[in-house]
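[1] here's my sequence, what's the structure:
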Amino acid sequence: MKLFEILKNTGFDRVWTNDRFGKETVGEFISRHDIPINSDGTITLYHARPKNLNFGVLRDGSYLTADKNAAVFFAARDRNLKPKDIEVLTLRLSPDQIQPGVHITLIGDYKL
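    Next comes the predicted model:
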């Protein structure tokens, strides 16, 4: 049995898509992408930003990834910066705070 199946009513069983391929829950998405579930029922995801930015809130819809190196790559590429100019924020989120998809995004603002 998968950990997300044990953690019923915690957001892992929320259906995030119901398209022509069928339904998929957040927990199934996390499992399919081999994203580890922390012992407290959260998942660790990353957001990268230029080191010179200092904001206290990540906005709703911010892009997240389960891989630190991917976060650095995308943040640097999208801003034409070098990886050394990027910092990675580590976020421990509940399944209700993320929207799976081609890219995982944040649901609601997240105070840093």
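
[2] buried ones in the helix or strand containing Asn69?
    Using DSSP states H and E, Asn69 sits in helix 68-79. Neighbour counts using 16 or more other Cβ atoms under 10 Å place Ala71, Val72, Phe74, Ala75, Ala76 of helix 68-79 among the buried residues. C-beta here means a position set from N, CA and C on the backbone, and glycine is covered the same way.

[3] what's the first helix or strand after the one helix or strand Glu24 maps to?
    Here Glu24 is covered by strand 22-25, with elements defined by DSSP H and E. Where DSSP H and E defines the elements, the next helix or strand beyond strand 22-25 is helix 26-32.

[4] picking that back up, got a markdown table for the buried residues of helix 68-79, with distance to Asp13 too?
    Output for the buried residues of helix 68-79, formatted as a markdown table (distance: Cβ to Cβ, whole Å):
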| residue | distance to Asp13 |
| --- | --- |
| Ala71 | 27 |
| Val72 | 32 |
| Phe74 | 29 |
| Ala75 | 32 |
| Ala76 | 36 |
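
[5] can you lay out the residues you listed as JSON lines showing pLDDT?
    Converted to JSON lines, those look like this (pLDDT from 0 to 100):
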{"residue": "Ala71", "pLDDT": "96"}
{"residue": "Val72", "pLDDT": "97"}
{"residue": "Phe74", "pLDDT": "94"}
{"residue": "Ala75", "pLDDT": "94"}
{"residue": "Ala76", "pLDDT": "95"}
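
[6] ok, so of those, who is nearest Tyr110?
    For those, the closest approach to Tyr110 (Cβ to Cβ) belongs to Ala71, at 14.8 Å.

[7] that closest one touches Arg49, doesn't it?
    No - if you go by Cβ atoms under 8 Å, Ala71 and Arg49 don't touch, sitting 9.2 Å apart.
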